[in-house]
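In: The sequence isn't on hand, but the structure is:
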């Protein structure tokens with residue numbers, strides 16, 4: 001036997017007439033995680049890293065997710081370049097999105113040792129500051145896929161041509 005108290009027990013109120021509204025828990029943002037290539041200025045060699053990307057709202061279909069890159073850029077400023085051509089001017093099936101620090105490039109410091117090493121020091125101008133490279137999942141650039149060492153030749157060619 002279940003004992004009920006208050007107005008419900010007296011038959012004056014029912015559970016469905018209560019003033020409480022059920023609300024769902026706050027939505028957790030869903031992030032997309034992809035592997036990116038990281039050229040850290042203090043490292044001798046490039047590495048891969050995981051980058052979280054915030055999806056764009058559904059109303060803006062066709063727009064690429066937004067990478068969360070603050071941890072790689074201490075001053076919080078980033079700019080991006082999209083590489084659509086690789087070696088010998090060949091079109092890349094999966095363009096590359098380079099994120100870099102415009103502040104580091106402007107002040108020419110710190111020189112990025114990992115980029116210096118993949119270009120064997122042959123670049124006409126040193127690249128400075130951190131660089132994070134994401135790979136688009138197609139030529140329409142609507143999302144990212146995992147970058148890999150297979151992308152290094154195109155990156156090396158770009159850094160060699162940089163002036």
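Out: Good, I have the coordinates. These figures come from a predicted structure and were not determined experimentally. Numbers count the residues shown, from 1 in each chain.

In: CA only for contacts and neighbour counts going forward, please
Out: Will do.

In: which residue packs closest to the residue nearest the centre of the chain, ignoring adjacent ones?
Out: With the centre of the chain defined as its mean C-alpha position, the nearest residue by CA atoms, centre = their mean is residue 67, 2.5 Å away. Closest residue to residue 67 apart from its sequence neighbours, by CA to CA, 6 or more residues apart in numbering: residue 53 at 4.1 Å.

In: average pLDDT across the strand or helix carrying the one you found?
Out: Assigned by DSSP states H and E, residue 53 falls within strand 47-54. Averaged across strand 47-54, pLDDT comes to 96.

In: Next: stretch 84-97.
Out: For stretch 84-97, the mean confidence score works out to 92.

In: ok, what's across the strand from residue 50?
Out: Assessed by DSSP bridges, residue 50 has beta-bridge partners residue 35.

In: Next up, the contacts around it.
Out: Shown in contact with residue 50 (CA atoms under 8 Å, 6 or more residues apart in numbering): 33, 34, 35, 36.

In: Next, work out how far apart it and residue 33 are.
Out: From residue 50 over to residue 33 the distance is 6 Å, taken as CA to CA, to the nearest Å.
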